[in-house]
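**Q** need coordinates for the following:
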Amino acid sequence: MDSIVLSSGGLDSTVVIAIAKDLGFDIISLSFDYNQRHKFELTRASEVAKFFGVKKHIILKVPLEDIGGSALTDRSIDVPAGKLNREGIPATYVPARNIIFLSYAVSIAEANNISDIFIGVNAIDFSNYPDCTPMFIESFQKSVNLGTKIGVEDKGVVIHTPLIKLGKSQIIKRGLELGVDFGITTSCYNPDNIGRPCGVCDSCLIRLKGFKDAGFEDPLIYKINRLK
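**A** The predicted model follows:
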């Protein structure tokens with residue numbers, strides 16, 4: 001069984017690859033180069049693909065920097081740092097990113113007669129992104145199966161979200177159970193020029209707290225780690 005797994009080289013998407021593999025799927029991992037500030041994640045996504053021996057790793061160029069509107073694509077917007085933002089949608093939200101990425105995944109899946117797509121969205125320990133909720137995924141899957149040949153004439157597409165109701169510590173424990181090497185992942189929105197995580201952006205803080213709550217040490221070395 002082939003599947004498409006969206007892979008950012010991050011903690012969540014890497015655990016999803018491990019879960020898909022454990023379920024018996026052959027994996028085509030899909031990553032995106034959108035000139036993101038944290039482009040180092042593509043290096044990690046390639047390392048993750050090698051670690052799991054995926055069938056194929058696709059990196060698509062999508063020029064989201066031409067659209068802007070996010071601290072991850074517009075260098076004039078600062079990445080929020082210092083504390084977790086739990087109110088409102090933060091500046092690191094990329095307009096319609098998961099809609100765009102999942103649409104590419106569906107297109108690849110349909111072209112290759114693949115029904116299963118995995119994505120590591122999470123609605124518990126996350127940054128208030130609206131495209132990470134169960135409501136969004138359910139609605140998107142329904143729209144896809146109404147608007148594609150595979151949905152109208154064939155078996156349709158299923159979007160799997162195995163982490164959507166798990167806390168970060170639960171995700172980490174599940175990954176460790178499945179043999180994930182978290183040392184080859186990255187989560188930081190604002191790493192330095194050698195990929196070292198900042199330790200103060202939302203994504204770093206969520207990850208560090210997750211490891212602390214899980215009772216394990218994060219193998220990454222941070223520029224700043226206030227949770228030690």
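
**Q** please count neighbours and contacts with C-alpha atoms only from this point.
**A** Will do.

**Q** list the buried residues in the helix ranked longest in the chain.
**A** In the chain, taking DSSP state H as the definition, the longest helix is helix 97-111. Buried residues in helix 97-111, counted by 16 or more other Cα atoms under 10 Å: 98, 101-102, 104-110.

**Q** which helices and strands does that helix pack with?
**A** In terms of contacts (3 or more Cα pairs under 8 Å, 6 or more residues apart in numbering; DSSP states H and E), helix 97-111 is packed against strand 2-6, strand 116-118.

**Q** show the pLDDT at the most far-flung residue of the chain relative to its centre.
**A** Here the chain reaches farthest from its C-alpha mean at residue 153, the gap being 30.1 Å by Cα atoms, centre = their mean. At residue 153, the model reports a pLDDT of 94.

**Q** what's the angle between the lengthiest strand in the chain and strand 2-6?
**A** Longest strand of the chain, by residue count under DSSP state E: strand 26-33. Going by axes from the mean of the first three to the mean of the last three Cα atoms, to 10 degrees, strand 26-33 is angled at 30 degrees with respect to strand 2-6.

**Q** what helices and strands are in contact with strand 26-33?
**A** Contacts defined by 3+ Cα pairs under 8 Å, 6+ apart place strand 26-33 against strand 2-6, helix 11-22, helix 40-52, strand 56-61.

**Q** buried set for the second one?
**A** Just to be clear, that refers to helix 11-22. In helix 11-22, counting by 16+ other Cα under 10 Å, buried: 11-21.

**Q** show me which of those residues is closest to residue 67.
**A** Each of these was scored against residue 67 by Cα to Cα, and residue 13 proved nearest at 24.7 Å.

**Q** residue ranges with poor pLDDT in this protein?
**A** 85-86, 226-228 (pLDDT under 70).

**Q** and with 50 instead?
**A** Residues of the chain meeting the criterion pLDDT under 50: none.

**Q** and the nearest residue to residue 164 once chain neighbours are set aside, how far from residue 68?
**A** Among residues not flanking residue 164 along the chain, residue 122 sits closest, at 3.9 Å (Cα to Cα, 6 or more residues apart in numbering). Applying Cα to Cα, to the nearest Å, the value for residue 122 to residue 68 is 24 Å.

**Q** settle it for me: which of these two has more neighbours?
**A** Using other Cα atoms under 10 Å as the criterion, residue 122 and residue 68 rank with residue 122 on top: 24 against 16.

**Q** check contacts around the more buried one.
**A** 132-133, 161, 163-166 (Cα atoms under 8 Å, 6 or more residues apart in numbering).

**Q** what's the distance between it and residue 170?
**A** Per Cα to Cα, residue 122 is found 11 Å from residue 170.

**Q** for stretch 5-15, measure first residue to last.
**A** End to end - Cα to Cα - stretch 5-15 spans 11 Å.

**Q** residue 10: what's it in contact with?
**A** 41, 44-45, 185-187.

**Q** can you tell me which two in the residues you listed are farthest apart?
**A** Taking Cα to Cα, no two of those sit farther apart than 45 and 187, at 11.2 Å.
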